[in-house]
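Asks: got a structure for you, letters missing:
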């Protein structure tokens, strides 16, 4: 199981290489995907899973990845695109899980979870002994803008790849699923005029409260936003165990 950096491929990165193949073969971070494939070739696991953003399949990249896996002995490659919100994660997240087997966990076991359902039982920031649950200070200037924000509106926009405008500092809609949580994401509480704490954003990714994030505050937000949501990871693991137990246990 591996998750090479998505920065070389994601449309949220304004500095990604223009040519898709350069993202894999020229970008030093992109080449870590090739390192994953090299390690898979050395270990020869019965099942492997590589997680990344769907943009890793863009243009000729998909064919290039199939070719690289074939070069290390895997001739059937499946690009399994899953949405975290279909498996109980309170935020949208579409990701591809590249594997030598089909991965199709059932959605029937899971129901969709709204923002407010995920957040409502947390105490106020700084209270209740909940880890990673301290409020960020906000300048008066930002506060004046936050007060005027309606649910679903963004305070800022930044430029992604191909000069695409992407929203940030979004006031969340309480009865909806949250937008995709990125490392750079900051969200406004649906009812209060403040930013979500690290713990609240972790709740939107399905992390349990006993999972503690360390490092500086920005590092903690980044750890949350670059993770595979635990509910989705659990659904995949359960599917692999139930569907492919004979393959995993065979000599």
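Replies: Happy to help now that I have it. What you see is a predicted model, and the numbers here were worked out from it, not measured in a lab.
Asks: how about the helices in the chain?
Replies: 20-25, 31-43, 61-71, 115-119, 140-148, 198-204, 217-225, 230-243, 245-249 (DSSP state H).
Asks: Domain ranges for this structure, per the record?
Replies: Here the domain parsing of the chain from automatic domain parsing is 20-107+230-249, 115-225.
Asks: Between the two ends of the first one, how far is it?
Replies: What that stands for is domain 20-107+230-249. 38 Å (C-alpha to C-alpha, to the nearest Å).
Asks: what separates residue 171 from residue 214, distance-wise?
Replies: Distance, residue 171 to residue 214, using C-beta to C-beta, to the nearest Å: 28 Å. The way it works is simple: take the backbone N, C-alpha and C, and place the C-beta from them, glycine included.
Asks: Then residue 119?
Replies: From residue 119 to residue 214 the distance is 22 Å (C-beta to C-beta).
Asks: quick one on the thing from earlier: quick one, which of residue 171 and residue 214 is more surrounded?
Replies: residue 171 (21 against 9; other C-beta atoms under 10 Å).
Asks: Local confidence estimate at the more buried one?
Replies: Note on residue 171: pLDDT of 97.
Asks: Report the beta-bridge partner residues of it.
Replies: Beta bridges link residue 171 to residue 188, judged by DSSP bridges.
Asks: ok, it touching residue 148?
Replies: No: counting by C-beta atoms under 8 Å, residue 171 sits too far from residue 148 to count as a contact (9.7 Å).
Asks: which residues do the two both contact?
Replies: Counting by C-beta atoms under 8 Å, 6 or more residues apart in numbering, residue 171 and residue 148 have no contacts in common.
Asks: got a pLDDT number for the nearest residue to residue 125 once chain neighbours are set aside?
Replies: Leaving aside its sequence neighbours, residue 125 sits nearest to residue 135 (C-beta to C-beta, 6 or more residues apart in numbering; 3.8 Å). On pLDDT, residue 135 comes in at 92.
Asks: Then residue 251?
Replies: pLDDT, residue 251: 55.
Asks: And residue 247, by the same measure?
Replies: Predicted confidence (pLDDT) for residue 247: 84.
Asks: from memory it sits against residue 46, does it?
Replies: Yes: at 5.4 Å, residue 247 counts as touching residue 46 under the criterion of C-beta under 8 Å.
Asks: Give the burial count for the nearest residue to residue 93 once chain neighbours are set aside, as a bare number.
Replies: Spatial nearest neighbour of residue 93, excluding adjacent residues (C-beta to C-beta, 6+ apart): residue 84 at 3.7 Å. By other C-beta under 10 Å, 25 other residues sit near residue 84.
Asks: The one 4 residues further on now?
Replies: Using other C-beta under 10 Å as the criterion, residue 88 is surrounded by 20 other residues.
Asks: Could you do residue 138 as well?
Replies: 15.
Asks: residue contacts, it?
Replies: Residue 138 makes contacts with 146, 194, 195, as judged by C-beta under 8 Å, 6+ apart.
Asks: Top of these by number of neighbours, please.
Replies: In terms of neighbours by other C-beta under 10 Å, those top out with residue 195 at 21 neighbours.
Asks: how far away is that residue from residue 187?
Replies: 7 Å.
Asks: overlap in contacts of these two?
Replies: Common contacts of residue 195 and residue 187 (C-beta under 8 Å, 6+ apart): residue 169.
Asks: how far does stretch 109-119 stretch from start to finish?
Replies: Using C-alpha to C-alpha, the end-to-end distance of stretch 109-119 comes out at 22 Å.
Asks: Would you mind listing the buried residues in that stretch?
Replies: Of all the residues in stretch 109-119, those buried under the rule 16 or more other C-beta atoms under 10 Å are 110, 113, 114, 115, 118, 119.
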